[in-house]
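Have a look at this prediction, sequence included:
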Amino acid sequence: MKMQSNFLCALTLFLTASFGMLHAQDNNVNTEFGVKGGFNMSNLYNSGDDVDDNNILYGFNAGLYATLPISDFVAIQPELLFTTKGAELEYNGALNGDAKFRLNYIEVPLLVRVNITKNFNVHAGGYASYLVSSKVTGSGDFNFNEEIDRDDLNKFDAGISAGLGVDFNPISIGLRYNYGLTTVGKERTVLGTTYTAPDAKNSNLTLYLSYKLN
């Protein structure tokens with residue numbers, strides 16, 4: 001998505017400008033354990049192409065997180081999430097309707113969190129995911145609801161993450177973008193021709209809410 005690319009560029013500039021302010025702020029990181037969940041806007045992109053704003057599929061994420069300080073203002077933040085990804089295709093013309101390609105993952109982000117101030121943080125790192133289910137559904141001129149054999153797709157996904165959060169103890173809100181580096185489809189050879197289907201990677205923007213338990 002273009003808005004996701006702009007978000008990443010803005011975050012990079014903000015990080016560069018902010019590191020010089022760290023020691024001047026009351027920004028200590030504390031050990032935290034909590035629950036979190038949020039709203040996803042997902043898409044698929046082809047290698048070499050920009051992610052655009054078309055074919056967005058709406059979904060959710062939910063799970064657990066921990067914040068483990070390694071200095072006064074830096075922490076490691078592992079998470080364990082259930083998250084939905086995929087894309088939606090709308091078609092209009094001789095036929096009208098939409099098709100939703102849904103991918104459900106167990107995801108493990110591992111992030112470095114930096115408290116810019118006591119109540120504001122930025123975080124970046126990577127994630128690894130395991131595909132637990134997938135399906136395609138359609139509505140309009142054609143209605144269907146079909147499970148997809150996971151053996152036809154890559155069960156593992158991985159990528160990079162970056163985001164920012166605002167803390168209102170014990171509640172926090174944040175925005176994060178995940179950029180997939182692994183092709184969703186598997187490479188296969190049929191009649192001497194090798195292809196990958198779908199030849200696309202995950203893109204996911206999430207707005208989340210977390211609650212500290214300790």
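Done, it's in.

What segments of this protein are helices?
2-18 (DSSP state H).

Listing request: residues of it with sub-threshold pLDDT.
Along the chain, the model assigns pLDDT under 70 to residues 1-27, 47-53, 91-95, 140-142, 188-197.

try 90
For the chain, residues meeting the criterion pLDDT under 90 lie at 1-30, 46-55, 72, 88-99, 117-119, 136-146, 148-152, 169, 185-199.

ok, which stretches of it are strands?
Along the chain, counting by DSSP state E, strands occupy 32-45, 57-69, 74-91, 97-117, 120-140, 144-147, 156-168, 171-183, 186-190, 193-197, 201-212.

which residue packs closest to Leu111, ignoring adjacent ones?
Gly125 (3.8 Å; Cβ to Cβ, 6 or more residues apart in numbering). (Each C-beta comes from the backbone N, C-alpha and C, glycine too.)

Next one: the one you found from Leu207, what distance?
Distance, Gly125 to Leu207, using Cβ to Cβ, to the nearest Å: 18 Å.

of these two, who's got more company?
Shown here are Gly125 and Leu207; by other Cβ atoms under 10 Å, Gly125 has more neighbours (17 against 14).

looking at the sheet around the more buried one, what are its partners?
Note on Gly125: beta-bridge partners Leu111, Ser161, judged by DSSP bridges.

give me every residue that touches it.
Residues in contact with Gly125 (Cβ atoms under 8 Å, 6 or more residues apart in numbering) are 77, 109-112, 160-161.

Greatest separation within these: which pair is it?
Gln77 and Ile160 (14.7 Å; Cβ to Cβ).

Mind checking which of the two has more residues around it?
Legend: neighbour count by other Cβ under 10 Å for Gln77 and Ile160, higher for Gln77 (19 against 14).

Okay, and the beta partners of that one?
For Gln77, the beta-bridge partners are Leu111 (DSSP bridges).

any idea how far it lies from Glu90?
In terms of Cβ to Cβ, Gln77 sits 36 Å off from Glu90.

Number of residues surrounding Ser139?
The burial count for Ser139: 13, using other Cβ under 10 Å.

next one: Tyr58
A count of nearby residues for Tyr58, using other Cβ under 10 Å, gives 12.
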